[in-house]
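*Asks:* Next comes the sequence, and after it the predicted model I'd like to discuss.
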Amino acid sequence: MVPSVLIVDDEKHTREGLQQALQENYDVSVASSADEAFNLMEAQEFEVIVTDLRMPGKSGLKVIEKALALPNRPAAIMMTAYGNIESAVEAMKRGAVDFLTKPVNIERLEILIQRALKTRTLEVEVKQLHERLDRKFSFEGIVGHSGKLAEVIERVRLVAPSKATILIEGESGTGKEMIAQAIHQASPRARGPFIAVHCAALSENLLESELFGHERGAFTGAIERRVGRFESADGGTLFLDEIGEISGSTQVKLLRFLETKAVERVGGNKPLELDVRLVAATNRNLEQLVKDGKFREDLFFRLNVVRITLPPLRDRNEDIPLLLDHFIKIFSQENGFAPLTVEPGALRHLQVYSWPGNIRELRNFAENAVVLRRGGQLTEYDLEPKFRGGPPAGLVAAPGADPVAKHLSVEENEKRLLREALHQSRGNRTTAAKLMGISRRTLHRKLAQWPELDVVD
């Protein structure tokens, strides 16, 4: 699409000359006054506005002010006579991306327009990125409707606008980093950086350098100054995951930051004052670590200003269908497959499974199912044995029968359960399908595969 440019100048020969010079590469409109420019900007969207500074009535500064107040703001370039450089600088302070002096050099103007287009494209991309982050990490992006999750979200709503340090507890895979992101996105720091550090992944020396930075020559291999994660998070949020794994010396430095809001680079002696909100997370019991002498009590109290405890997935199993549907949609779309249908029998097994890996394990399960099934249906017989702890709900094992039959193969178990369902339903396929927790179509497919079962004793 050809970029759109608006030229605003009260001198007819100037605006028409610029229009003629630029129209080969741009969709050029012209306006003879600020008011005419306002009307054009309300009627259509422009990517670049080039305006003269001095005009009868409203000046070019008013044009820029109006342009930058639009929802999809164009990039603005100011034209001015040589003696008005100070006014041009004022225009840039108000948001213009550049200026040029009259008489206008067309080659210079085209260079500035191309530069302005790149600047606007970058601004649009940044805006879209922030909008995607807001959607992804907002409260609405947290999937689930269980009471325990609602309690967590309400607590996050209350603490996010504050400056308080937050400690997030929960088993691995419960979504601690996502909650930290939600806190950041709902805070006044949302447009600042969110920096995450996984403490257990780094050795003691590397972690200190990663967090606090180092000066050149601070240790062997430190050939240049390094900016630490604390400095990178200035004006935003620093998320320290697995905080229970940090060493004693790192604990001391972290405590000092919480007390002074300043850090020193490794090998340095100049404190750097920073505006950083700290959110820490752990899958360990910090209070027990304090009792065991492995974690400083004073640091624990500093971190534990507000505590948020995330429930494991097994304690919010009513959220499993929603989470599963959410992940299936994501991975189906990513891979270009039709959405996978999970049959009720399979879903019942998944809801009673303990999910030791929590949401992370469920996410991996959903991706695996989408990739291997490529659309279609997921029945309980497609599940791995670990998900199938017994016969489907509604199906009662025959007297003397082994309800789990662990010594049988998956196929033999399927046959046995299907035979029992047909027996209990007296051959009624609809009833048998309900007992199995599968669709009638799946039942027909199984009977076509094993015709010998379609006989009731």
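*Replies:* Happy to help now that I have it. Keep in mind the model is a prediction, meaning the values are calculated, not measured.
*Asks:* In the chain, what residue spans correspond to strands?
*Replies:* Under the criterion DSSP state E, strands of the chain are mapped to 4-8, 27-31, 48-52, 75-80, 98-101, 166-169, 194-198, 237-241, 262-263, 272-273, 277-282, 306-309, 341-342, 377-378.
*Asks:* closest one to Ile153 among the ones you listed?
*Replies:* strand 306-309 (10.0 Å; CB to CB). Glycine gets a C-beta too; all of them are placed from N, C-alpha and C.
*Asks:* Now do that closest one, average pLDDT.
*Replies:* Across strand 306-309, pLDDT averages out at 96.
*Asks:* hang on, the earlier thing: comparing the strands of the chain by mean pLDDT, which bottoms out?
*Replies:* Among these, strand 98-101 scores lowest, with a mean of 83.
*Asks:* thinking Val305 is in contact with Thr165, fair?
*Replies:* Yes. Counting by CB atoms under 8 Å, Val305 does reach Thr165; the two are 4.6 Å apart.
*Asks:* any chance of the strands of the chain in CSV, plus distance to Val124?
*Replies:* Below are those laid out as CSV (distance: least, CB to CB, whole Å):
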stretch, distance to Val124
strand 4-8, 14
strand 27-31, 18
strand 48-52, 13
strand 75-80, 10
strand 98-101, 18
strand 166-169, 33
strand 194-198, 21
strand 237-241, 25
strand 262-263, 35
strand 272-273, 34
strand 277-282, 28
strand 306-309, 35
strand 341-342, 38
strand 377-378, 40
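*Asks:* Outline the domain layout of this protein.
*Replies:* By the assignment in automatic domain parsing, the chain contains the domains 4-132, 146-311, 316-453.
*Asks:* Just send the ones you listed back as a markdown table, with mean neighbour count too.
*Replies:* Formatted as a markdown table, the domains of the chain follow (neighbours: other CB atoms under 10 Å):
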| stretch | mean neighbour count |
| --- | --- |
| domain 4-132 | 17 |
| domain 146-311 | 17 |
| domain 316-453 | 16 |
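*Asks:* who's in contact with stretch 164-175?
*Replies:* 142, 159, 176, 179-180, 183, 243, 258, 277-283, 286, 302-313, 357-361 (CB atoms under 8 Å, 6 or more residues apart in numbering).
*Asks:* hmm, I was thinking of stretch 233-242
*Replies:* Contacting residues not belonging to stretch 233-242 are listed as 176-177, 180-181, 183-184, 187, 189, 192-200, 229-230, 246, 254, 274-284 [CB under 8 Å, 6+ apart].
*Asks:* Can you tell me who the residue nearest to Arg108 when sequence neighbours are not counted pairs with across the strands?
*Replies:* Distances taken as CB to CB, 6 or more residues apart in numbering place Leu100 nearest to Arg108, at 5.7 Å, with adjacent residues excluded. Beta-bridge partners of Leu100, counted by DSSP bridges, are Met79.
*Asks:* Looks like Leu100 contacts Leu112 (just checking).
*Replies:* Yes. Using CB under 8 Å, Leu100 is in contact with Leu112, at 6.1 Å.
*Asks:* can you pull out the helices in the stretch 1-150 of the chain?
*Replies:* Taking DSSP state H, counting those that start in this stretch, the helices of the stretch 1-150 of the chain run over residues 12-22, 34-43, 60-68, 85-93, 106-137, 147-159.
*Asks:* Can you check the pLDDT for the closest residue in space to His326 that isn't next to it in sequence?
*Replies:* Excluding its sequence neighbours, the residue lying closest to His326 (CB to CB, 6+ apart) is Val143, at 4.8 Å. At Val143, the pLDDT value in this model is 81.
*Asks:* Enumerate every residue touching Val143.
*Replies:* By CB under 8 Å, 6+ apart, Val143 lies in contact with Asp319, Leu322, Leu323, His326.
*Asks:* can those go into a markdown table with extra columns for distance to Leu18 and pLDDT?
*Replies:* Shown next, in a markdown table, are the contacts of Val143 (distance: CB to CB, whole Å; pLDDT from 0 to 100):
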| residue | distance to Leu18 | pLDDT |
| --- | --- | --- |
| Asp319 | 60 | 91 |
| Leu322 | 57 | 90 |
| Leu323 | 57 | 91 |
| His326 | 53 | 89 |
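*Asks:* Filter those down to the ones in helices?
*Replies:* The helices, defined by DSSP state H, take in Leu322, Leu323, His326 from the contacts of Val143.
*Asks:* still on that earlier bit, turn the helices of the stretch 1-150 of the chain into CSV, including mean pLDDT.
*Replies:* Output for those, formatted as CSV (pLDDT from 0 to 100):
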stretch, mean pLDDT
helix 12-22, 90
helix 34-43, 92
helix 60-68, 89
helix 85-93, 73
helix 106-137, 73
helix 147-159, 91
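*Asks:* what's the span of stretch 54-63, first residue to last?
*Replies:* Counting by CA to CA, to the nearest Å, you get 11 Å between the two ends of stretch 54-63.
*Asks:* just to revisit the earlier point, looking at the strands of the chain, spot the one closest to Lys291.
*Replies:* Nearest to Lys291 among the strands of the chain is strand 277-282 (15.0 Å), distances taken as CB to CB.
*Asks:* ok, Pro3 touching Leu117?
*Replies:* Yes. Using CB under 8 Å as the test, Pro3 is close enough to Leu117 to be in contact (5.7 Å).
*Asks:* Touching both of those two, which residues are there?
*Replies:* In terms of CB under 8 Å, 6+ apart, Pro3 and Leu117 are both contacted by the residues Glu47, Val48.
*Asks:* quick one, which of the strands of the chain is nearest to Glu208?
*Replies:* Comparing the strands of the chain by CB to CB, strand 262-263 comes nearest, at 10.4 Å.
*Asks:* Could you name the helices and strands sitting against that closest one?
*Replies:* helix 248-260, strand 272-273 (3 or more CB pairs under 8 Å, 6 or more residues apart in numbering; DSSP states H and E).
*Asks:* can you put those in JSON lines and add distance to Ser425?
*Replies:* Shown next, in JSON lines, are the helices and strands packed on strand 262-263 (distance: least, CB to CB, whole Å):
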{"stretch": "helix 248-260", "distance to Ser425": "64"}
{"stretch": "strand 272-273", "distance to Ser425": "74"}
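*Asks:* Figure out which of the ones you listed is closest to Val104.
*Replies:* Taking CB to CB, strand 272-273 is the member of those nearest to Val104, at 46.2 Å.
*Asks:* quick one: that closest one to chain centroid distance?
*Replies:* 29 Å (CA atoms, centre = their mean, to the nearest Å).
*Asks:* Which strands border it, and is each parallel or antiparallel?
*Replies:* Applying DSSP bridges, one finds strand 272-273 paired with strand 262-263 (antiparallel).
*Asks:* So what touches the partner strand?
*Replies:* By CB under 8 Å, 6+ apart, strand 262-263 touches 211-213, 228, 230-231, 253, 256-257, 271-274.
*Asks:* let's see it at 7 Å
*Replies:* Phe212, Gly228, Phe230, Phe257, Pro271, Leu272, Glu273, Leu274 (CB atoms under 7 Å, 6 or more residues apart in numbering).
*Asks:* which residues does the second one contact?
*Replies:* With contact taken as CB under 7 Å, 6+ apart, Gly228 is in contact with Glu210, Leu211, Phe212, Gly213, Val263, Arg265.
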